[in-house]
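> Predicted model and sequence below, questions to follow.
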Amino acid sequence: MKNKFLPIILLVLAIIVLFLVNLKYKNHNLNKVIEACVVAQKQTSKNFNINEAKKYCEKEIKARINE
C-alpha cells in the first residue's frame, strides 16, 4: 500500500517545489532581460538616457509577456 502512495507524494512535492522556484526567480529573469534591453539601447542610440531607456524596455517587455 505504501508503494502506491510514495510516487504520488513525490510528484506532488516536486510540483510544489517547481512552483515555488518559479515564483522566486521569475522577477530575477525579468530584471536581467530589462538590463539587456537597456544595454542594447545604449549601443544603438546616439542620444542615450538611461531612465527613458529603462521605461521603454519595461513597457515593451511587459507588453510582450502579456500577449
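Yes, it's here.

> In this structure, which helix is the longest?
When the chain is parsed with DSSP state H, its longest helix is helix 2-44.

> pLDDT on it, on average?
Helix 2-44 shows an average pLDDT of 90 in the prediction.

> Counting by contacts, list what it packs against.
helix 50-65 (3 or more Cβ pairs under 8 Å, 6 or more residues apart in numbering; DSSP states H and E). Where you see a C-beta, it was placed from the backbone N, CA and C, and this is true even at glycine.

> Need the CA coordinates for the helix it packs on. PDB is fine.
Only the C-alpha atoms of helix 50-65 are listed here, as PDB (Å, rounded to 0.1, in the frame of the first residue of the first chain):
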ATOM      1  CA  ILE A  50      19.100  55.600 -19.100                       C
ATOM      2  CA  ASN A  51      15.800  56.400 -17.400                       C
ATOM      3  CA  GLU A  52      14.000  56.700 -20.700                       C
ATOM      4  CA  ALA A  53      15.600  53.500 -22.000                       C
ATOM      5  CA  LYS A  54      14.600  51.600 -18.800                       C
ATOM      6  CA  LYS A  55      11.000  52.800 -19.000                       C
ATOM      7  CA  TYR A  56      10.800  51.900 -22.700                       C
ATOM      8  CA  CYS A  57      12.300  48.400 -22.100                       C
ATOM      9  CA  GLU A  58      10.000  47.700 -19.200                       C
ATOM     10  CA  LYS A  59       6.900  48.700 -21.200                       C
ATOM     11  CA  GLU A  60       7.900  46.700 -24.300                       C
ATOM     12  CA  ILE A  61       8.900  43.600 -22.400                       C
ATOM     13  CA  LYS A  62       5.800  43.500 -20.200                       C
ATOM     14  CA  ALA A  63       3.600  44.000 -23.300                       C
ATOM     15  CA  ARG A  64       5.300  41.000 -25.000                       C
ATOM     16  CA  ILE A  65       4.900  38.900 -21.800                       C
END
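
> Now do N3 against A14, distance only.
Going from N3 to A14 by Cβ to Cβ, to the nearest Å gives 18 Å.
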